[in-house]
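*Asks:* have a look; sequence and predicted model below, questions after that.
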Amino acid sequence: MSDTAIDAIVIGAGHNGLACAAYLARGGLKVRVLERRNVIGGAVLTEEFHPGYRNSVFSYLVSLLDRDVMTDLELEKHGLTLLHRPGGSLSLLPGAHMYLPRDTAAAQKAIAKFSKADAQVYPAFEDMLGDMGELVRGIAKDIPPNFGGG
Ligand SMILES: Cc1cc2nc3c(=O)[nH]c(=O)nc-3n(C[C@H](O)[C@H](O)[C@H](O)COP(=O)(O)OP(=O)(O)OC[C@H]3O[C@@H](n4cnc5c(N)ncnc54)[C@H](O)[C@@H]3O)c2cc1C
């Protein structure tokens with residue numbers, strides 16, 4: 001492709017740059033993506049960190065990938081598989097760790113080993129996070145407000 005044929009240049013092939021480039025290309029534009037590294041993916045890149053072991057080097061949860069983007073770009077058809085995380089482990093004080101299961105009752109049991117009060121309010125905390133998540137999900141695709149312009 002000669003430079004004159006390019007309609008849009010996207011700098012950086014992280015997942016945001018790649019998604020933007022894919023949407024622009026689907027809209028009929030000729031897009032060039034410039035990436036400074038020799039691999040694409042940015043902070044959601046999967047790399048071999050030890051012979052035979054591959055993992056996302058930074059980002060480890062698919063927190064904000066919108067279902068519409070998955071559908072529009074046919075990500076599952078292109079090989080994306082989402083795995084559900086059964087829980088997470090937290091390193092606390094030296095020698096102490098906590099495995100926090102997704103299941104609320106099981107999580108309360110795990111927390112109660114450290115704080116019965118925290119275990120008791122954990123369901124309310126989860127509800128609050130859920131409400132906040134719904135709120136953010138509802139506005140995530142809105143055009144952001146222009147704080148400079150009112
Ligand atoms: C430690 C860590 C953990 C995280 N965990 C999570 C998580 O669990 N879940 C989650 O949803 N999010 C997580 N995030 C956030 C998530 O990784 C970022 O929001 C996401 O990667 C941003 O994507 P991006 O495409 O905007 O930028 P990036 O992924 O940063 O990609 C930018 C790309 O641009 C390239 N680039 C930069 N400058 C130039 C240049 N001048 N010329 C050419 N190329 C350039 C870079 O090499 C890179 O490939 C985490 C982030 C970090 C750092």
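*Replies:* Looks like it arrived, so ask away.
*Asks:* now do the helix of greatest length in the chain: everything it contacts.
*Replies:* In the chain, taking DSSP state H as the definition, the longest helix is helix 116-139. With Cβ atoms under 8 Å, 6 or more residues apart in numbering as the test, helix 116-139 has contacts from 104, 107-109, 111-112. For glycine as for every other residue, the C-beta is placed from the backbone atoms N, C-alpha and C.
*Asks:* cutoff 10 Å now
*Replies:* 63-64, 66-67, 100, 102, 104-105, 107-113, 115, 145 (Cβ atoms under 10 Å, 6 or more residues apart in numbering).
*Asks:* sort out which residues of that helix are buried, please.
*Replies:* By neighbour count on 16 or more other Cβ atoms under 10 Å, the buried set for helix 116-139 is 119, 122.
*Asks:* pLDDT of that helix, averaged?
*Replies:* On average, the pLDDT along helix 116-139 is 94.
*Asks:* would you mind checking the contacts of helix 116-139 for buried ones?
*Replies:* With neighbours counted by 16+ other Cβ under 10 Å, the contacts of helix 116-139 contain buried members at 107-108, 110-111.
*Asks:* most widely separated two among those residues?
*Replies:* Farthest apart among the buried ones among the contacts of helix 116-139 by Cβ to Cβ are 108 and 110. That separation is 7.4 Å.
*Asks:* quick one: low-confidence ranges for the chain?
*Replies:* Applying pLDDT under 70 to the chain flags the ranges 1-4, 150.
*Asks:* I appreciate the help and will end here.
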